[in-house]
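In: Provide a 3D model corresponding to the input given below.
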Amino acid sequence: MHWTRAFGIVTAATICLGAVAACSETGNSDNKTGKDYCTLVKEFDAADSADGDMPGLIARIKTVREGAPTAQQKEWDKLSGYMQKLYDARDDQAKAAEIVADTGAVRKASEAIAKHAKDACGIEIKTK
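Out: Next up, the predicted model:
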């Protein structure tokens, strides 16, 4: 399995932004992004990740994580860590397939992110 195909599977299975509504979640007090968390989530554009720019996607995930409430940061860390592992395995199809097969933790993290985005920001994030 080529890593970009695996990336597409993971992206489709984990995060896909849907309809966006107004929000007011400010995130953590150490937020260095200059934007509130809900704005960062809105700007996180999963459709752009389909272009295969894994380093760019990982950077966007980390940016959202920086503005996330402390309780949500670990979920964004799981997502970026998973994507980093997948990217690092891009030249090893067997390893990439192994990573894609083990989506339990990242799926739970994605679901927690989606629930918080809906509850705190009114943003629908599809995880399936």
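In: for the chain, what spans make up the strands?
Out: According to DSSP state E, the chain carries its strands in the segments 16-17, 125-126.
In: worst average pLDDT in the ones you listed?
Out: Sorting the strands of the chain by mean pLDDT places strand 16-17 lowest, at a mean of 35.
In: which sections of this structure are below the confidence cut-off?
Out: Residues of the chain that meet the criterion pLDDT under 70 lie in 1-34, 45-51, 127-128.
In: try it again with 80
Out: 1-34, 44-52, 126-128 (pLDDT under 80).
In: buried ones in stretch 57-69?
Out: 57, 58, 60, 61, 63, 64, 65, 66, 67, 68 (16 or more other Cβ atoms under 10 Å). (C-beta placed from N, C-alpha, C; glycine too.)
In: my guess is the third one meets residue 44, correct?
Out: Right, residue 60. Yes. Between residue 60 and residue 44 there is a contact under Cβ atoms under 8 Å: 5.6 Å.
In: identify, from the buried residues of stretch 57-69, the entry nearest to residue 38.
Out: The shortest approach to residue 38 among the buried residues of stretch 57-69 belongs to residue 67, at 9.1 Å (Cβ to Cβ).
In: thought that closest one was touching residue 35?
Out: Yes. Taking contacts as Cβ under 8 Å, residue 67 lies within contact range of residue 35: 6.0 Å.
In: what about residue 73, how many residues close to it?
Out: Residue 73 has 17 neighbours, counted by other Cβ atoms under 10 Å.
In: quick one: it from residue 84, how far?
Out: As for residue 73, its distance to residue 84 is 16 Å (criterion: Cβ to Cβ, to the nearest Å).
In: repeat that for residue 36.
Out: From residue 36 across to residue 84, the span is 26 Å (Cβ to Cβ).
In: what's the answer for residue 76, then?
Out: 12 Å.
In: between these two, which one's more packed in?
Out: Shown here are residue 76 and residue 84; by other Cβ under 10 Å, residue 76 has more neighbours (24 against 15).
In: so the more buried one sits against residue 64, correct?
Out: Yes. Using Cβ under 8 Å, residue 76 is in contact with residue 64, at 5.9 Å.
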